[in-house]
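[1] Need coordinates for the below:
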Amino acid sequence: MSFSTTRLRSLRSSTRATLATLLSPESSVGSQADDGGSDEGGIEVDDGSSEGNESSEDGDGGDNGDNDGSSSIANTSEGSAYGESNPPSPHATPLRELDPGSEGNAEGRPEGEVEMERYRNISNDEVKAILNTHLVSFQHLPQEERAALFEDCHPNLVDIDTWALAYSPSFYRERYLNALDEVTLVPYVQKHPRDHELYKDWVMLGRSNGLMYIEPRFKEPLVERLQQAKPFQPNTDKRLLSKTNIGFATLVVIDILEELGCETIRHVTYGKKLPISQLMQSAGREPAEVDHPLAWTNFFDIGQTTKSSSMWLFRPEKGQVKGTTVYPIAIPLSQDFGTVNVAVPYRASEMKVKIYTPLIHQFKGWRASMPEDDPSTYNQLMSRRRMMDEYFSFIGEKVAPEDFGGFRIEATIHSPTLAGAVDIILASGVLDVRNWIESRAEPFSRFGMEVKVISKELFMLNAGAMIKAAKSLPMWKQTEACRPTAKKNKVVRDVMAALGNNARNFGHTTAFQAPKAWWLGWVEKLEAWQFDPVLEFIKFKFNTADKLDLFYERLRGELGGHVPCENGSMADGHWYQKNHRRTPDGKVRIYGIRCKNRLGCTTLGEGKAKARFAQIIRDSEDLQAVLGLRERLEMLEEREVTPEPEAPPLDTSILPRPTQFTTLPLRVFHFLCSRYPTGADMWGLLKSLGGGVPCVNTLDMEDGHGMRTHGKQPFRTRCLKCKTTLNMDNTRHHFANMVDMGLLSPEQIGYEGYIRPDTIEDWDLGGDSDMEVDHGSDGVPLANVNSSSGLSLASVPVHPSCFDVAPTERLVALDTSPPAHRTTTTARDGSCQFHAFNRAMTGGLMLVQDLRNAVAEMMLSDDHRPTLVETYVSWSGTAVGEAHRSVEEYIQGLRHGVYFGNDATLGILSKMFGINIAVIKDENGELSLLKVGEQQDKDYIILWLGDDHYENVVFVE
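    Modelled structure (predicted):
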């Protein structure tokens, strides 16, 4: 039977249409399509297992896949890979027409990467609303709010969670042994991940109030003696005693170990959360054997849980500081805050400190096991999808508000005794959260923890939005013969992190500012099974030489006794025969087939043999039917997926709206992002600065300090002295902070034309407008002027434009006369008023932070402060003294980027620049005009304000 190229292309055209149907927005974007369908192939092979179809969520495996330290970045394309005759689906590319003899065709995959359009039909409105929300850091909250949050914290007693002790059998007998105690020999190895390297090869004795280990040399004599007391089957693993769970009286085991001359038992117990005061009161004695030779390897986990109705999340304010690891949770709302692991130097030693949310304890109490790895099979992927809803329901229904939040600080210290460990940890102050967020003393100052506090209501909104967006992706439609891709694992990982579970073995989550995050647009290349379902099924089902042999015999029988070679006619002897080989040691058989007529034919290895079998099956519908594969192909081509009911919109009204308390300082970070977008650009900037800048920790270049290039792809900088490493974004933040502190000038980073506030008086504001606008008169007083048939701007003489509108910038038309448009590109970072004014007034040539500082200084002057206090008293009804304190707090917060600009700051900007300001206020489509300033014979800068956000107004023909 010869291979038909026409049939192959016909099948691929059909598959292309099938994919467009399966992955189209009209089909279920969130359904659990083909959740079963594990063995529709119908080929009977007695392999003794389902080979992956029966994989459970708790099974071994878990490919971290995307564990390269990078954020989630998806490749996008400017154009489409589709021809005019084949219109694109939102998220699929066509199959490549491959030559039958090519290697690409043999593998069923395209030869090169095919760029794809981004899939944007995502239920992400709520996620976008969350991305526009800025949670103010704890340190920037008003004093009253910080005090209220501290009052809501209720710390438990200091407890011991884990200890690992080395002691002799005689000490164990004297201190711990009870006549009724039992040790259970187990058939599995369980090692504590943080135990000392010395014990990595020790034999697991069993479980008895923890895990017990002995030296390997005592295994065989101990097994022999124990078998005399009770028969059991010894384990061939050198680290285990028994093949089954079997119990022995601990007294018997200890006696035997003493007789054998055993000097050390390693005893590890964890998860106790036992108050130390209660332990010492009950035991009355030190639990460790102080004089044991290996007492120096003892370690203890000592911590304190603080309960609160709000979740406390942490992150070093300087970014990734040496010795810290951040595991973001509640993303993207938390802005990559989460739990933190910190290596704290103290008294010539090092403590390992964990600061995390106690919500994980609620999960562990609810489920016997938690996922700790990325899913490695289709069944695990779908199981993780179901788990999203289970977690969400559990948190919402079962976790009380008082048990939801708070934080736990836990320190690990090596010490021969528990008393010594407690003394060190309490003296260091690491269990006091105030030291982490307020102390400027060592070692806390080097980390400078920032904190964000999230209520349960906001947490549930964020998690629900992430689940809704993830379910709407076209990533759930695949066959069981396919491992989840790294991108799919990242989606699942992000949602689990949003639900509060970011395991240590997971890969990295998506940064909340990632421009190509999956919740903004999904890009996924076609998977192998979509190119050739038959080949992928053969690869999945017959994944060993023995199984492939059985399949070959079945196929040969259906073809009349011979499997045809593709290089000639069977009449000339062109059919395949087995040609297996073995490795030199003879232990492993290497599968192969070769043509009986060897002239011009080659031997096919396992991979090419599978591809040839798939070609033969694709070419014959009768053969597909006989082998039971026809139904499988029809299922892929014709199945209809019942869409899930569309999830109702979530209530985003609870999100904190932009106020004077919710903003972040911008400085020059966004300028650096746009001017130096790549690692090569940042490398060039650093080179132009002499190859190094002051260290992020010391802010100088003395004693060997200084941030220098530590890699281009990805870009990193590193201090040669303290070894602190910054990624590209954190390096940009460091540059911005140095500009703010005067360590770098704006000109050094290429900010040409930078204008300082002290030069405003000398700046020429003149110039003729080139816009065709009816200037009208300037007689309208400061007031809101409404217009029922479009807002009239006739009374607003427009100041000449100081900036250009890029052709690609999206503008929104406004119902005004003359016609005006507003921009859509002003950063939503809490400084939008200053950004919009800066762009309109100077073309963006000033630093926003300098504008804030200048406005704050003018507000503090005697000319303006009394007016502000008087206005605040009349508005709030508070006493004059309280008004003075509130105004002072607002001005200082305005200077430090904590508070928003308001009408008062517009008035200050108007006087400072000698220009009038008009604001088009948009309230649900109703436009009104607010005019600020009384500068005679001066034009107006026009801004737009809607939903607490400022944009620029432009006039285009």
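[2] Please, which helix or strand holds the residue lying closest to Asp161 once chain neighbours are set aside?
    Nearest residue to Asp161, sequence neighbours excluded (Cβ to Cβ, 6 or more residues apart in numbering): Asp301, at 4.3 Å. Every residue, glycine included, has its C-beta placed from N, CA and C. In the assignment (DSSP states H and E), Asp301 maps to strand 299-307.
[3] same check, this time on Arg594
    Going by DSSP H and E, Arg594 is part of strand 592-595.
[4] quick one: contacts of that strand?
    552, 563, 565, 567-568, 573-581, 601-606, 609 (Cβ atoms under 8 Å, 6 or more residues apart in numbering).
[5] Any idea what the residue nearest to Asp161 is bridged to?
    Here Asp301 sits in beta bridges with Thr162, Thr412, going by DSSP bridges.
[6] do you know how far it is from Phe363?
    19 Å (Cβ to Cβ, to the nearest Å).
[7] what about the two, which has more around it?
    Shown here are Asp301 and Phe363; by other Cβ atoms under 10 Å, Asp301 has more neighbours (23 against 16).
[8] Distance check, the more buried one against Pro484.
    Per Cβ to Cβ, Asp301 is found 34 Å from Pro484.
[9] before we move on, back to that, list the pairing partners of the helix or strand following the strand holding Arg594 within its sheet, with orientation.
    Per DSSP H and E, the first helix or strand lying C-terminal to strand 592-595 is strand 604-605. Using DSSP bridges, strand 604-605 pairs in its sheet with strand 592-595 (antiparallel).
[10] Can I get the strand it pairs with in PDB? Just the C-alpha atoms.
    Written as PDB, here are the backbone C-alpha positions of strand 592-595 (Å, rounded to 0.1, in the frame of the first residue of the first chain):
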ATOM      1  CA  GLY A 592      13.800  -1.100  14.900                       C
ATOM      2  CA  ILE A 593      12.400  -2.400  11.600                       C
ATOM      3  CA  ARG A 594      14.000  -2.700   8.200                       C
ATOM      4  CA  CYS A 595      12.900  -3.400   4.600                       C
END
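[11] That one: which residues count as buried?
    Within strand 592-595, the residues that count as buried by 16 or more other Cβ atoms under 10 Å are 592-595.
[12] same thing with stretch 143-153?
    Applying 16+ other Cβ under 10 Å to stretch 143-153 flags 146, 149, 152-153 as buried.
[13] of those, the lowest pLDDT goes to which?
    By pLDDT, Arg146 ranks lowest within the buried residues of stretch 143-153, coming in at 86.
[14] Excluding chain neighbours, what is closest to it?
    Using Cβ to Cβ, 6+ apart and skipping residues adjacent in sequence, the residue nearest Arg146 is Phe138, 6.4 Å away.
[15] Could you do Val855 as well?
    Val855 sits nearest to Ile908 (Cβ to Cβ, 6+ apart), 4.8 Å away.
[16] wait, isn't the one you found in contact with His864?
    Yes. Counting by Cβ atoms under 8 Å, His864 is a contact partner of Ile908 at 6.9 Å.
[17] Tell me which of these two has more neighbours.
    Ile908 (23 against 18).
[18] Strands of the stretch 651-800 of the chain, start to end?
    692-693, 707-712, 715-719, 725-727, 784-786, 791-792 (DSSP state E, counting those that start in this stretch).
[19] Tell me which of those lies nearest to Met475.
    strand 725-727 (27.3 Å; Cβ to Cβ).
[20] partners of the closest one in the sheet?
    Strand pairing (DSSP bridges) places strand 725-727 next to strand 715-719 (antiparallel).
[21] Just the CA trace of the partner strand, in CSV.
    Extracted C-alpha coordinates of strand 715-719, given in CSV (Å, rounded to 0.1, in the frame of the first residue of the first chain):
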residue,chain,number,x,y,z
PHE,A,715,19.6,41.6,31.8
ARG,A,716,20.8,41.7,35.4
THR,A,717,23.1,43.9,37.6
ARG,A,718,25.1,42.7,40.6
CYS,A,719,27.1,44.3,43.3
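[22] most centrally placed residue in the chain?
    Thr509 (1.7 Å; Cα atoms, centre = their mean).
[23] Does that residue touch Asp494 like I think?
    Yes. Thr509 lies in contact with Asp494 (Cβ under 8 Å); the separation is 5.2 Å.
[24] in stretch 723-740, what's buried?
    In stretch 723-740, counting by 16+ other Cβ under 10 Å, buried: 724-740.
[25] Oops, could you answer that again for stretch 247-257 instead?
    Across stretch 247-257, burial judged by 16+ other Cβ under 10 Å covers 248, 250-251, 253-254, 256-257.
[26] low-scoring stretches of the stretch 301-450 of the chain, by residue?
    Along the stretch 301-450 of the chain, segments meeting pLDDT under 70 span 318-320, 348, 368-370.
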